[in-house]
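> here are the coordinates; sequence isn't available:
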């Protein structure tokens, strides 16, 4: 029993020693930058990586998993403040990409979905929101408004571009609904899905809400001569508009 116990202790120590060696940080030169990170299989980075310029100033920091960016990634000004920051998922930017001036104030932000820019863009000046726009997957602006004193001053364009495509899933007669959800800061908005019958009567059937800038889901196919619509009611102190877009089944 003592022999077995001693063998187990030695094995554990060997494993721990191996892990310690694998997790040791190194500094390697890549072009004009020195990279401090844990390297495996040559130059594959796993974990945190810090990039330094020729004067040993931190210019970038990112997290990797098996050589792919995975986690927060930030670039820095020479004074040490953050220049921009975004989260990477499987090597692609995902979510809000924030950009700052050298004093640390947010000046611009946009949104990414697995490497594709889509959704809101915010333009700021001295910390004040000046413009909001929303781009679709083709980077076409479908919603835009200007701000004054951090309040909506003018609503220039607003679209949701809904699409419904018939699908057959497990024998069920379903349809795929795709619609953009432009959420305008400083407003009250109510997105909804409705149906119009053959007589032109409208009926709301669902409230639309999602954390992503779009909704992509299955719904029941409408009856013949009936069709769906999406609507958004936008309210501010000076704006009270309802936008309705009928959807043609494809």
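It's in. Remember, predicted model here, so these are calculated numbers, not experimental data.

> from now on I want contacts and neighbour counts done on CA atoms only, so please keep to that.
Fine.

> direction included, what does the helix or strand where residue 146 lies pair against?
Assigned by DSSP states H and E, residue 146 belongs to strand 141-148. Using DSSP bridges, the strands paired with strand 141-148 are strand 128-135 (antiparallel), strand 151-158 (antiparallel).

> outline the domain layout of the chain.
Using automatic domain parsing, the domains assigned to the chain come out as 24-158, 163-246.

> and the last one, what's its mean pLDDT?
So that's domain 163-246. Averaging pLDDT along domain 163-246 gives 92.

> tell me how far the ends of that domain are from each other?
End-to-end distance for domain 163-246: 9 Å, by C-alpha to C-alpha, to the nearest Å.

> offset the numbering so it begins at 43, please.
All set: I'll call the first residue 43, so the last point we hit is now domain 205-288.

> any idea how far residue 253 is from the most centrally placed residue in the chain?
Central residue of the chain (C-alpha atoms, centre = their mean): residue 137, 2.0 Å from the mean position. Distance, residue 137 to residue 253, by C-alpha to C-alpha: 10 Å.

> likewise for residue 268?
Where residue 253 is concerned, residue 268 sits at a distance of 29 Å (C-alpha to C-alpha).

> quick one, which of those two is more surrounded?
Between residue 268 and residue 253, counted using other C-alpha atoms under 10 Å, residue 268 has the larger neighbour count: 16 against 8.

> looks to me like residue 181 is in a strand.
No - assessed with DSSP: H, G, I helix; E, B strand; the rest coil, residue 181 is coil; it does not lie in a strand.

> and it, how many neighbours?
Residues near residue 181, counting by other C-alpha under 10 Å, number 12.

> got a list of what it touches?
Residue 181 sits next to 159-160 when contact means C-alpha atoms under 8 Å, 6 or more residues apart in numbering.

> for the protein, what spans make up the helices?
Under the criterion DSSP state H, the chain contains helices at 44-64.

> now the strands paired with strand 183-190 in TSV, with mean pLDDT, distance to residue 246 and mean neighbour count?
Converted to TSV, the strands paired with strand 183-190 look like this (pLDDT from 0 to 100; distance: least, C-alpha to C-alpha, whole Å; neighbours: other C-alpha atoms under 10 Å):
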stretch	mean pLDDT	distance to residue 246	mean neighbour count
strand 170-177	98	25	21
strand 193-200	97	20	15
